[in-house]
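Participant: Need a 3D model of the following:
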Amino acid sequence: MILGGYGNFGKRIARALVKKGAQVLIAGRSMEKARKLADEVGTNSEPLSLQVPEDLPENLKMHKPNVIVNTVGPFQQQGYEVACLAISNGIHYVDLADGREFVCGIGNLDELAKSAGVAVISGASTVPALSDAVLAEFSGEMSSIVKMRYGISPGQGAERGLATTKGILSYVGKPLAAFPGPQRRMFGWQNLYRQYYPHLGYRWMANCEVPDLDLLPERYGIGSIQFSAGLELSLLHLGLWAASWGVRIGLPIQPSKMAKPLLAASNWFNLLGSSDGGMHIIISGRSAEDPGRSIERRWFIVAHDGDGPHIPAVPAILLAHRIANGNPPPAGAYPCLGLISLSEYLAELEGRNITTVTEVR
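Facilitator: Numbers count the residues shown, from 1 in each chain. A predicted model of the protein is given here:
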C-alpha cells in the first residue's frame, strides 16, 4: 500500500514495483487520480481512496498489505500514527521522511516493532539512505573522516512536490539544532556557497536540516558535517535566502504557510532553467594506508531530462520489493542506514539519464 501513491514520489514507486511484479494499492484522497495512475501502470495495481490516518485502520484490515510505503509529507510536523497502525496490524512500514527529528526518533518504536515482528524503516530516501551508501562505499579508504560537505540541487524544470517544498520552508531562517562542526549557531537557508557540478556548472547552496546531521557523525565518527540544498536559478535561490533573513530577524512572515503559492510561482520560471540536477558528497579525512596523508573523495550523481526525482524513490522501491518477496529487513524500528549498498542503488537507476562522477584528491 503506497500512501500518496499518485504523488511526485509515490507514482514512481508504484510504477517500479508493478514492473517488478508486485501487487500495489495506490492510495490517496482522490479516487480519480488513483484510478488514472492504476489504469496507466497495469493490472497489478488497484486504486484506493482514503484519508490518512482516519481511514487507515479499516483499510488495513480489509486489504492486509505486506508493507505500507508512506510518502505523505511533510514529516517535519507529523507524529508516528501511521507507523503505529502498521505495527498494530503486523504490517511492515517504510517512509520517505527527511525530517530530522522524525527520522532520528523512529527508534522510539523499536520495542513495539520487534514485538510485532515487523520492520519500521524511516528515511528511505536520498538522505540518509544514499548518503549513507556513499559513505559506506568510500569510508574504508580513510582512517578517520575529518569533514563531510554535501548537498542536493534539483533542476528548475524537474517535477517538485508540495510536501518537499513545505518541508524546506518549515526551517528557512530558523536556527538549526546543533551538529558536529560549526562553532556558531546555524540557520536554515543561510551560509551561502557555490558548488561546482560536472555537466551542470556552479549552483548556489544553503543550509538545510536533515537527519544525517545526527545519524552520520555518530555512525562514521565524522568530525564536521554540513548539508545544503540549492535552487538552479540564482534569482529564486537568493530570493529565498533574503526571506530567511526576514524570518531570522523576527519579521511576521511564515514561508511554510505560503508553500502552495510559492511553488506555483516558482513554476513560472521553469523555461529559464533546465531539468538537470545533482547531488555532491565531498569527504575529507586521513588516508587509511598512510594516516599522515590527507585525502579527499568527491562523488557526484547528476540527473538529466527530469530524471532526478527517481533518485529519492529508490530505497523505498528496493525495500518494499524485498518485503513483498518475503525477505524483509530485521524486525525493529530504525533509520534507513546500512540497508542498501551503493551498487544496488545505482543498479535500480539503470536506464535513466543519470551519471556518477568520482574524484580523488
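Participant: which residues in the chain form helices?
Facilitator: Under the criterion DSSP state H, the chain contains helices at 10-19, 31-41, 56-63, 81-88, 100-104, 110-116, 131-138, 162-169, 212-220, 234-248, 259-267, 310-324, 342-348.
Participant: Need the contact partners of the third one.
Facilitator: It refers to helix 56-63. The contact list for helix 56-63 (CB atoms under 8 Å, 6 or more residues apart in numbering) reads 1, 25, 27, 48, 50, 68, 82, 85, 86, 89, 91. The C-beta positions use only the backbone N, C-alpha and C, and glycine is treated the same way.
Participant: So which bits of that helix are buried?
Facilitator: 56, 59, 60 (16 or more other CB atoms under 10 Å).
Participant: Just want the most central residue of the chain.
Facilitator: Nearest to the mean C-alpha position of the chain, by CA atoms, centre = their mean, lies residue 125 at 3.6 Å.
Participant: and the lowest-mean-pLDDT helix or strand in the chain, what other elements does it pack with?
Facilitator: Among the helices and strands of the chain, helix 162-169 carries the lowest confidence by mean pLDDT, DSSP states H and E, at a mean of 84. For helix 162-169, the packing partners by 3 or more CB pairs under 8 Å, 6 or more residues apart in numbering; DSSP states H and E come out as helix 259-267.
Participant: Strands of the stretch 151-300 of the chain, start to end?
Facilitator: 193-197, 201-207, 224-229, 277-287, 294-303 (DSSP state E, counting those that start in this stretch).
Participant: quick check: mean pLDDT across the third one?
Facilitator: Right, strand 224-229. Strand 224-229 shows a mean pLDDT of 96.
Participant: if we can go back for a sec, of the contacts of helix 56-63 - the most surrounded one?
Facilitator: Of all these, the highest neighbour tally under other CB atoms under 10 Å goes to residue 27, namely 31 neighbours.
Participant: for that residue, which residues make a bridge with it?
Facilitator: Per DSSP bridges, the residues bridged to residue 27 are residue 3, residue 48.
Participant: Least confident of the helices of the chain, on average?
Facilitator: When I compare the helices of the chain, helix 162-169 is least confident, with a mean of 84.
Participant: That helix vs helix 234-248, what angle?
Facilitator: 60 degrees (axes from the mean of the first three to the mean of the last three CA atoms, to 10 degrees).
Participant: follow-up on the earlier one: between the helices of the chain, which one is closest to residue 288.
Facilitator: Among these, helix 131-138 comes nearest to residue 288, with 10.6 Å by CB to CB.
Participant: Can you tell me what sits against that closest one?
Facilitator: 145, 148, 150, 212, 215-216, 219-220, 281, 283, 297, 299, 336-338, 340-342, 344-345.
Participant: Grab the nearest non-local neighbour of residue 29.
Facilitator: Nearest residue to residue 29, sequence neighbours excluded (CB to CB, 6 or more residues apart in numbering): residue 51, at 6.2 Å.
Participant: closest to residue 270 among the buried residues of helix 56-63?
Facilitator: In terms of CB to CB, no member of the buried residues of helix 56-63 lies closer to residue 270 than residue 56, at 35.4 Å.
Participant: quick one: pLDDT of residue 255?
Facilitator: Reported pLDDT for residue 255: 85.
Participant: Thought residue 247 was touching it, still the case?
Facilitator: Yes - shown here, residue 255 and residue 247 form a contact pair, counting by CB atoms under 8 Å, at 6.9 Å.
Participant: tell me, what's touching those two both at once?
Facilitator: With CB under 8 Å, 6+ apart as the test, residue 255 and residue 247 both reach 172, 173.
Participant: got CSV for the contacts of helix 56-63, with distance to residue 189 too?
Facilitator: What follows is those, written out as CSV (distance: CB to CB, whole Å):
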residue, distance to residue 189
1, 34
25, 37
27, 33
48, 37
50, 34
68, 32
82, 29
85, 34
86, 33
89, 39
91, 37
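Participant: of those, closest to residue 191?
Facilitator: Nearest to residue 191 among the contacts of helix 56-63, counting by CB to CB, is residue 82 at 33.8 Å.
Participant: Correct me if wrong: that closest one contacts residue 70.
Facilitator: Yes - between residue 82 and residue 70 there is a contact under CB under 8 Å: 5.3 Å.
Participant: What separation is there between the residue located most distally from the centre of the chain and residue 286?
Facilitator: In the chain, counting by CA atoms, centre = their mean, residue 292 sits farthest out from the average C-alpha position, at 35.7 Å. When distance is defined by CB to CB, to the nearest Å, residue 292 is 8 Å away from residue 286.
Participant: cool, and residue 206?
Facilitator: For residue 206 relative to residue 286 (CB to CB), the value is 29 Å.
Participant: Residue 251 now?
Facilitator: With distances taken as CB to CB, residue 251 is found 45 Å from residue 286.
Participant: same question, residue 79
Facilitator: 42 Å.
Participant: Neighbour count for the two, which is higher?
Facilitator: Legend: neighbour count by other CB under 10 Å for residue 79 and residue 286, higher for residue 286 (17 against 11).
Participant: coming back round to it: for the buried residues of helix 56-63, which one is nearest residue 268?
Facilitator: residue 56 (36.8 Å).
Participant: Isn't residue 287 up against residue 141?
Facilitator: Yes - taking contacts as CB under 8 Å, residue 287 lies within contact range of residue 141: 7.1 Å.
Participant: which residues do these two both contact?
Facilitator: Shared contacts of residue 287 and residue 141 (CB under 8 Å, 6+ apart): residue 295.
Participant: Residue 104: what's it in contact with?
Facilitator: Residue 104 neighbours (CB under 8 Å, 6+ apart): 211, 214, 215, 335.
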